[in-house]
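Student: quick check, what structure comes out for this input:
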Amino acid sequence: MPAQNVVLVLDILRMIFETAARADRRTALKLVLVSRLVESWISIVLYETVYLYRQRTSNKFLRTIETSATKPRAFFSTHVKSMSVLFDIPVDQLVRVTSICDGIENLTTWFLPAPRSGPTPPLSHFLFTLRPKKLAAWHGVLRSPDPYFGAPFFSNITHLTVVNIWEEWTAWPAFSLPALTHLSLDFTFGSRTLAEEELVLISEAVEAILLACVRVHVCGLRVDQPVASPSIISMLDRFRSEPRVLFFRHQDEPFQIREAHSDAEAAIWRALERAVGGPSGSVSSVLTITRV
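Tutor: Here you go, the predicted structure:
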């Protein structure tokens, strides 16, 4: 068989194996046993997204990247592209992980809110090796009262999902993210009706962000009330002439973990992109986004 045909066959086989591996992780773990060549293909798929959901998982992953006899550290630096940290991992451990996996483009941090214990530096200060493009966070790197958006960590962020409550992000110091194009802010407030001064505070905070982050062309406010609620009606009216601002809610899951790399998050951005840019005054309702 001519050499070019061999290469073509291998390329097709690789596509088949990678597609199967991405469709089901359990299948991927079996495919690595087929051959060393297939293992080299599937390993890239297995490590491109890392989930650190509990301490045991974090310990095991850290041990792997620091002591692996089969994969150099450069492998993890090159191929780990997305990471979700969904518990309060010790800072020193997270620093060790990200110092090796320094090519992360999509980062999710969901930490329990906790009071500050003294003048400790923000988490972004310790993650100085990272320049992610997409970030979804509930506390963690978006710690109140100041996430320190001026840190180099934030310099390449294009997509930012803020899950902190509106009382927190409206109180953050003014900030400018030079690369930011897509922004999602939490605007949930349960069954109550917001006071006029609260509505003014929120609208002014959003306007200040849009003024400072000049490249933003999509700004979604996630709500948990129907469009007929007085607070939603008031906010819709305030942003009627601002086509970049859109209001949306999840149809099936009012509270869902939003991971920066996920298909569900990509679906939210696509829905907002389709809705933005209409004629002035077209923002008159709340988008309903179904679960992916």
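Student: pretty sure Glu48 is touching Val80, no?
Tutor: Yes: contact status for Glu48 versus Val80: in contact at 6.7 Å, counting by Cβ atoms under 8 Å. In this view, the C-beta of every residue, glycine as well, is placed from N, C-alpha and C.
Student: when the two are compared, which one has more neighbours?
Tutor: Counted by other Cβ atoms under 10 Å, Glu48 and Val80 do not tie: Val80 has more neighbours, with 23 against 16.
Student: residues in contact with that one?
Tutor: If you count contacts by Cβ atoms under 8 Å, 6 or more residues apart in numbering, Val80 has them with 47-48, 50, 101, 103-104.
Student: inside helices: which ones of these?
Tutor: Using DSSP state H, the subset of the contacts of Val80 located in helices is 47-48.
Student: and the contacts of Val80 as TSV, adding distance to Phe128 and pLDDT?
Tutor: Below are those laid out as TSV (distance: Cβ to Cβ, whole Å; pLDDT from 0 to 100):
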residue	distance to Phe128	pLDDT
Tyr47	22	86
Glu48	23	92
Val50	19	94
Cys101	14	96
Gly103	14	97
Ile104	13	98
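Student: tell me where the stretch 1-150 of the chain has helices.
Tutor: Counting by DSSP state H, counting those that start in this stretch, the stretch 1-150 of the chain has helices at residues 3-23, 25-31, 36-48, 55-67, 73-79, 91-100, 123-126.
Student: out of those helices, deepest packed?
Tutor: Compared across the helices of the stretch 1-150 of the chain, helix 123-126 shows the largest average neighbour count, a mean of 19 (mean count of other Cβ atoms under 10 Å).
Student: circling back: nearest to Ala205, out of the helices of the stretch 1-150 of the chain?
Tutor: Of all the helices of the stretch 1-150 of the chain, the one in closest proximity to Ala205, counting by Cβ to Cβ, is helix 123-126 (20.4 Å).
Student: show residues contacting the closest one.
Tutor: Outside helix 123-126, the residues within contact range by Cβ under 8 Å, 6+ apart are 91, 94-95, 109, 140-141, 143, 147-148, 151, 153-154.
Student: hmm, back to that, mind giving me a markdown table with the contacts of Val80 and columns for distance to Val245?
Tutor: Listed next are those as a markdown table, based on distance: Cβ to Cβ, whole Å:
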| residue | distance to Val245 |
| --- | --- |
| Tyr47 | 38 |
| Glu48 | 33 |
| Val50 | 34 |
| Cys101 | 35 |
| Gly103 | 33 |
| Ile104 | 29 |
